[in-house]
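A.B. asks: I would like to see how this sequence folds:
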Amino acid sequence: MQAVIIAAGIGKRMRPLTLRKPKPLLNVAGKPVLKRTLDQLAGLVDEVILVVGYKGKMIKDYFGSSYKQMRLRYVWQKSQLGTAHAAKEALAYLEGDFLLLHGDDLYERNDIQKVLGTCPAMLLGKVKDPSQFGVVATQGKRVKSIAEKPKNPKGSLVNTGLYHLPLSVFKGRIEKSKRGEYEFTDYVEQFVKKNALFFFVTKNWIPLSNPVSLEAAARVLKKREK
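C.D. replies: Residues are numbered from 1 along each chain as shown. Purely as a prediction, here's the structure:
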């Protein structure tokens, strides 16, 4: 099994912390965010494809070519053109169904295992302000649609950015969003029009968006790890 981790972003909302290091290398409760993610993946996947960009050499120098018996491959996103563009940079190296997740959020192993057990599937979470995320509408056990950062959210379930998908998700053509980027959720939107996409809901996902959220995450992790 292969996993793709998107770790190429500039991390503007994390400034000034990201002026000297990329967001995935920021420490939370004593460990870099990306190290925590790789720890959760260990034993579940054989290879991790890291899509890097901003200060990507620091990530490559830190982790090298392997981590806990997982092969690490680095793919460069030279232009910041969005999550869909970043994910597609890894397409040439994918051999089949793959796991996709973000390198600047925190996921728990049990949730990753649940998503890995079903294909296609994605992980959903709940937040206080869903307008800052992709809000997901569901029907039964399936995803019906995703609305990216809606002004008036119609639900509380949001996209965590963790998926288990077939290569066919990349079929079709998507356009740049209003932000001037190619959004991976647009691929997912096209996919669910013709295919079933199952979901799992978690309380353990921790999104990291700014220095305040990083401090809050550290408090949560210290409680969990006692």
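A.B. asks: stretch 46-58: which residues count as buried?
C.D. replies: Burial within stretch 46-58, assessed by neighbour count using 16 or more other Cβ atoms under 10 Å, is assigned to Glu47, Val48, Ile49, Leu50, Val51, Val52, Gly53, Tyr54, Lys55, Gly56. Using the backbone N, CA and C atoms, a C-beta is placed for each residue, glycine as well.
A.B. asks: wait, I meant stretch 116-123
C.D. replies: Quick answer for stretch 116-123 (16+ other Cβ under 10 Å): Leu116, Cys119, Pro120, Ala121, Met122, Leu123.
A.B. asks: so which of these belong to helices?
C.D. replies: Leu116 (DSSP state H).
A.B. asks: looking at the buried residues of stretch 116-123, which one is closest to Asn159?
C.D. replies: Checking the buried residues of stretch 116-123 against Asn159 by Cβ to Cβ gives Met122 as the nearest, at 7.0 Å.
A.B. asks: and that closest one, how far from Asp104?
C.D. replies: 18 Å (Cβ to Cβ, to the nearest Å).
A.B. asks: sorry, back to before: filter the buried residues of stretch 116-123 down to the ones in strands?
C.D. replies: In strands, defined here by DSSP state E, the members of the buried residues of stretch 116-123 are Ala121, Met122, Leu123.
A.B. asks: any chance of these in CSV, with pLDDT and distance to Lys23 too?
C.D. replies: CSV is the format used below for these (pLDDT from 0 to 100; distance: Cβ to Cβ, whole Å):
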residue, pLDDT, distance to Lys23
Ala121, 97, 26
Met122, 97, 22
Leu123, 97, 20
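A.B. asks: pretty sure Val143 belongs to a strand, no?
C.D. replies: Yes. Looking at Val143 with DSSP: H, G, I helix; E, B strand; the rest coil, it is inside a strand.
A.B. asks: quick check: buried residues in stretch 175-195?
C.D. replies: Under 16+ other Cβ under 10 Å, the buried positions of stretch 175-195 are Glu181, Tyr182, Glu183, Phe184, Thr185, Asp186, Tyr187, Val188, Glu189, Gln190, Phe191, Val192.
A.B. asks: which residues of the protein fall in strands?
C.D. replies: Using DSSP E, strands in the chain cover 2-7, 27-28, 31-32, 47-52, 66-67, 70-76, 98-102, 121-126, 134-139, 142-148, 157-165, 198-201.
A.B. asks: I'm done for today, thanks for sticking with me.
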